[in-house]
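A.B. asks: Sequence and predicted structure are below.
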Amino acid sequence: MKFIKIYIMEKKDILRIIKELSSKRAPSGLEKERGKIFKKEIENLFKKNNLSVGKDELGNYFIKLKGTSPKQKIAILAHMDEIGGTIRKIKKNGKMEFSKRGGYEGRWLVSKKVQILNSNDDWINGIICGRSAHSTPEKLRISEKIDPLELEIYCGAKDAEETRDKYKIHVGSPLVFHGNLGLLNPKYNDNIIAGYSIDNLAALTCLILLTRKLINELMNDYGELKIKSDIYIVATTREEIGTEGAYYFLKNNPVDKVIGIDIGIVEDVANTINSDLKLDGGPVIVWQEGRGSGIFDYNFCKTLVLTAVKNNIKYQNGVFEYYRSDAGKAQKWLGTSSILIGIPTKFSHNVPEISTIDAIRDTTELIFQYLKNV
């Protein structure tokens with residue numbers, strides 16, 4: 001009975017953290033407001049140790065936890081940014097064309113709500129325009145491929161002047177996809193979460209939970225971890241547009257190993273390339289990404305598998321074809337021994353995305369057990 005009560009409290013706390021992080025939007029390059037929430041959550045854990053979260057020139061937030069006799073440095077990374085777009089053109093009729101920030105397809109965009117950041121730092125609601133089914137011939141409904149570059153956004157303005165002068169939207173204004181984040185069906189299921197930016201809110205939440213666990217279970221009275229490694233906890237920027245933040249941080253803070261936390265691609269739709277992963281199958285240990293151009297440290301992956309087996313943590317093995325990560329950049333471009341751990345997620349780079357509270361918790365436990373025995 002006591003275990004069940006603790007489990008329910010853990011779920012509520014995880015949901016609170018991810019919803020708090022989601023309250024501030026973070027298109028690539030504008031992660032600061034979400035980063036402030038991450039910083040606050042982390043610093044609240046360190047009140048008695050008087051430690052503070054740092055921020056570098058590219059906007060990465062980080063904290064260094066010292067080991068008792070450090071023989072190596074390990075960085076744990078999760079990115080803050082989310083997919084979105086940038087206003088590219090304001091048309092005479094007031095509608096707007098846009099370019100992508102991050103990778104996604106046009107198939108799911110029609111009639112989606114967006115939010116555009118105007119020059120007053122207000123989020124303006126808009127809708128991606130689409131032809132009505134009542135006016136579209138059948139052959140076009142079947143054969144037409146939608147390119148995001150051909151789509152338009154309507155915000156209520158009657159012409160270009162109103163878009164610029166009243167709504168304060170300009171060419172270069174960033175946008176994100178509108179939605180809510182929370183339990184999918186709270187009355188029936190207290191585990192499945194749905195919303196925008198699960199990639200990478202789930203991993204950011206995991207990073208906070210991991211830091212708390214390190215403090216509560218491995219930190220001594222001198223503010224040092226009772227392990228022989230220094231640990232960097234890093235919330236990175238600009239992952240969706242080329243893993244820029246992680247690369248910058250690691251170039252300026254050389255480490256011996258990198259553990260990246262991101263999403264694990266759960267896909268069960270026909271004509272997709274996937275590793276047959278399950279939403280409830282446990283954390284995903286990723287062996288390869290980027291169509292074979294990103295190979296993770298094989299022995300590092302094996303060590304994580306052994307850690308999972310030894311501690312009775314269920315896990316899955318994954319290979320991601322159309323995917324690149326912070327950890328992959330560290331391995332490929334810096335030669336740093338790296339691994340990627342994915343939190344199982346459905347409908348990635350669509351809105352909403354789907355993941356689970358259990359997966360966030362189990363990923364936290366897997367990484368903690370590895371660090372505890374490193």
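C.D. replies: Structure received. Numbering: from 1, shown residues only.

A.B. asks: all contacts plus neighbour counts: C-alpha atoms, from now on.
C.D. replies: Will do.

A.B. asks: could you point out which element follows the least confident helix or strand in the chain by mean pLDDT?
C.D. replies: Sorted by mean pLDDT, DSSP states H and E, the helices and strands of the chain end with helix 138-143, the least confident at a mean of 69. Past helix 138-143, further along toward the C-terminus, the next helix or strand under DSSP states H and E is strand 152-154.

A.B. asks: Summarise which helices and strands that next one is packed against.
C.D. replies: Counting by 3 or more C-alpha pairs under 8 Å, 6 or more residues apart in numbering; DSSP states H and E, the packing neighbours recorded for strand 152-154 are strand 96-101, strand 123-128.

A.B. asks: try 10 Å this time
C.D. replies: If contacts are counted by 3 or more C-alpha pairs under 10 Å, 6 or more residues apart in numbering; DSSP states H and E, strand 152-154 sits against strand 84-90, strand 96-101, strand 113-117, strand 123-128.

A.B. asks: what about Val351, how many neighbours?
C.D. replies: For Val351, the count of nearby residues is 21 (other C-alpha atoms under 10 Å).

A.B. asks: same deal with Lys11?
C.D. replies: Applying other C-alpha under 10 Å, we find 17 residues neighbouring Lys11.

A.B. asks: Can you check my assumption that it lies in a helix?
C.D. replies: Yes - under DSSP: H, G, I helix; E, B strand; the rest coil, Lys11 falls within a helix.

A.B. asks: How about it, nearest residue that isn't a chain neighbour?
C.D. replies: Beyond its immediate neighbours in the sequence, the residue positioned closest to Lys11 (C-alpha to C-alpha, 6 or more residues apart in numbering) is Ile357, lying 6.5 Å away.

A.B. asks: Equivalent analysis for Leu304, please.
C.D. replies: Nearest to Leu304 is Tyr370, by C-alpha to C-alpha, 6+ apart, at 6.8 Å.

A.B. asks: Double-check that the one you found belongs to a helix.
C.D. replies: Yes - applying three-state DSSP, one finds Tyr370 inside a helix.

A.B. asks: Spit out the contact partners of it.
C.D. replies: With contacts defined as C-alpha atoms under 10 Å, 6 or more residues apart in numbering, the neighbours of Tyr370 are Thr303, Leu304, Val305, Leu306, Thr307, Ala308, Asn311.

A.B. asks: Mind checking which of these are buried?
C.D. replies: The neighbour-count test (16 or more other C-alpha atoms under 10 Å) marks Leu304, Val305, Thr307, Ala308 as buried among these.
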